[in-house]
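Colleague: Sharing a model that was predicted from the sequence below.
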Amino acid sequence: MHHDGPNECDPTVATIKDVARLAGVSVSTVSRVMNESGYVGTDTRVKVQQAMVQLNFSPNDIARGLVSKKTASIGLLIPDVSNPFFADIARGTEDAAIAQGFSVILCNSDWQMDRERMYLDILRGKWVEGVVVAGSRSPEQVLLKAIGDLPFVMVDRRAVHQGNSVWMDNQRGAMVATEHLFNLGCRHLAHITGPEHSPSGQARHAGFIQAVEASASVLQTQVMQGDFRVDGGYRAGLQLLQGQQRPDGIFAGNDLMAIGVIHAAQFLGLRVPQDVSVIGYDNIAMAQYVAPKLTTIDQPGYEMGKAAFEMLYRQLQSEQELSEDVEFEPTLVLRESTQNRGQKR
């Protein structure tokens with residue numbers, strides 16, 4: 001029997017996905033047979049039971065108890081529970097899951113790759129039916145190994161080698177943000193990146209560089225490491241705005257850092273956007289309540305989370321392995337933190 005994701009603790013232990021594959025049915029059908037819930041045809045039931053015997057499959061008591069109470073669950077792994085973008089993903093995932101009778105186990109990795117792997121190990125042990133992984137910065141092969149046999153969907157990241165993904169073209173979105181700054185007349189641009197190894201942060205950095213290289217009008221650029229948090233944006237903003245070559249346009253890798261930059265500028269007595277234009281990324285709710293209101297790139301976290309669960313649910317219902325890709329389009333949202341500098345491009 002071929003196992004495309006064996007149990008790391010004991011590669012001989014069969015999983016519910018192994019049973020489903022051998023019987024030629026969906027994971028949900030196996031779950032119904034195991035717990036005598038819902039309708040399953042006689043022939044299908046026999047196929048599942050034979051597969052369970054052949055694989056020596058023995059579900060644990062916790063899984064039986066969960067399913068018998070009709071509390072099917074999925075795992076949701078996010079990198080920062082305090083980040084409104086990931087909170088929106090969580091809300092969208094949970095709302096869609098509850099509508100289908102699923103509960104959601106939320107895990108916060110705090111941007112730590114070892115904690116991601118720890119939580120994925122725990123989720124496999126909890127017998128969740130699948131997992132949504134948002135914003136992971138682990139190498140894809142490491143992530144796939146940690147996920148094992150669980151059906152999964154990646155959010156805010158495109159799955160290159162295997163699986164399903166809900167994502168936005170961050171490189172193109174970053175190009176839109178950068179082009180907006182130099183179209184306003186900004187000539188000394190700075191970019192504050194996301195956390196090290198973050199795929200979305202790396203793509204936004206690449207988009208910034210690509211846009212700068214395509215424009216003959218940009219005279220100077222600076223890049224500073226950030227962390228996708230307000231404090232990181234504030235520290236980077238202080239350093240940039242007190243430097244010898246003060247930028248007149250700053251593209252922060254997300255809205256939280258952009259808000260930090262605005263606070264840094266105000267602390268230094270600089271005006272946004274008169275002295276420096278600031279643009280963010282994500283379009284979180286608070287972007288329209290800061291002063292000045294933040295110009296940004298819209299990334300609809302709630303809709304992405306909803307789409308992720310719906311994609312995962314289709315996997316669970318299908319008797320064949322699916323591979324889907326849902327891409328959202330980046331959109332410029334113009335507010336008050338950027339302003340035309342009165343220069344020709």
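Modeller: Received, thanks.
Colleague: quick one, strands of the stretch 1-150 of the chain?
Modeller: All strands of the stretch 1-150 of the chain, identified by DSSP state E, counting those that start in this stretch, fall at 73-78, 103-108, 131-134.
Colleague: Dump those strands to a markdown table, plus distance to Ala90 and mean pLDDT.
Modeller: To be clear about C-beta, it is placed using only N, CA and C from the backbone, and glycine gets the same treatment. As requested, those are exported to a markdown table (distance: least, Cβ to Cβ, whole Å; pLDDT from 0 to 100):
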| stretch | distance to Ala90 | mean pLDDT |
| --- | --- | --- |
| strand 73-78 | 6 | 96 |
| strand 103-108 | 6 | 96 |
| strand 131-134 | 8 | 97 |
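Colleague: Most tightly packed of those?
Modeller: strand 131-134 (a mean of 27; mean count of other Cβ atoms under 10 Å).
Colleague: Mind listing residues that contact stretch 40-55?
Modeller: For stretch 40-55, the external contacting residues (Cβ atoms under 8 Å, 6 or more residues apart in numbering) are 1, 14, 18-19, 22-25, 29-30, 32-33, 57.
Colleague: which of the residues you listed are buried?
Modeller: By neighbour count, with 16 or more other Cβ atoms under 10 Å, the contacts of stretch 40-55 hold 14, 18-19, 22-23, 25, 29-30, 32-33, 57 as buried.
Colleague: Most widely separated two among these?
Modeller: Ala14 and Arg32 (17.9 Å; Cβ to Cβ).
Colleague: before we move on, back to that, possible to save the strands of the stretch 1-150 of the chain as TSV with distance to Arg235?
Modeller: Converted to TSV, those look like this (distance: least, Cβ to Cβ, whole Å):
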stretch	distance to Arg235
strand 73-78	24
strand 103-108	23
strand 131-134	25
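Colleague: Looking at the buried ones among the contacts of stretch 40-55, spot the one nearest Ile192.
Modeller: Using Cβ to Cβ, Asp18 is the member of the buried ones among the contacts of stretch 40-55 that lies nearest Ile192, at 45.8 Å.
Colleague: my guess is the closest one meets Asp149, correct?
Modeller: Yes. With contact defined as Cβ atoms under 8 Å, Asp18 counts as touching Asp149 (6.9 Å).
Colleague: Show me where the stretch 151-300 of the chain dips below the pLDDT cut-off.
Modeller: Within the stretch 151-300 of the chain, the segments meeting pLDDT under 70 span 162.
Colleague: ok, now the stretch 1-150 of the chain?
Modeller: Ranges of the stretch 1-150 of the chain meeting pLDDT under 70: 1-13, 36-38, 58-71.
Colleague: hang on, the earlier thing: distance to Val160 for the buried ones among the contacts of stretch 40-55 - can I get that in JSON lines?
Modeller: Putting the buried ones among the contacts of stretch 40-55 into JSON lines (distance: Cβ to Cβ, whole Å) gives the following:
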{"residue": "Ala14", "distance to Val160": "28"}
{"residue": "Asp18", "distance to Val160": "25"}
{"residue": "Val19", "distance to Val160": "29"}
{"residue": "Leu22", "distance to Val160": "28"}
{"residue": "Ala23", "distance to Val160": "30"}
{"residue": "Val25", "distance to Val160": "29"}
{"residue": "Thr29", "distance to Val160": "30"}
{"residue": "Val30", "distance to Val160": "29"}
{"residue": "Arg32", "distance to Val160": "34"}
{"residue": "Val33", "distance to Val160": "35"}
{"residue": "Phe57", "distance to Val160": "32"}
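Colleague: can you tell me which of the residues you listed are in helices?
Modeller: 18-19, 22-23, 29-30, 32-33 (DSSP state H).
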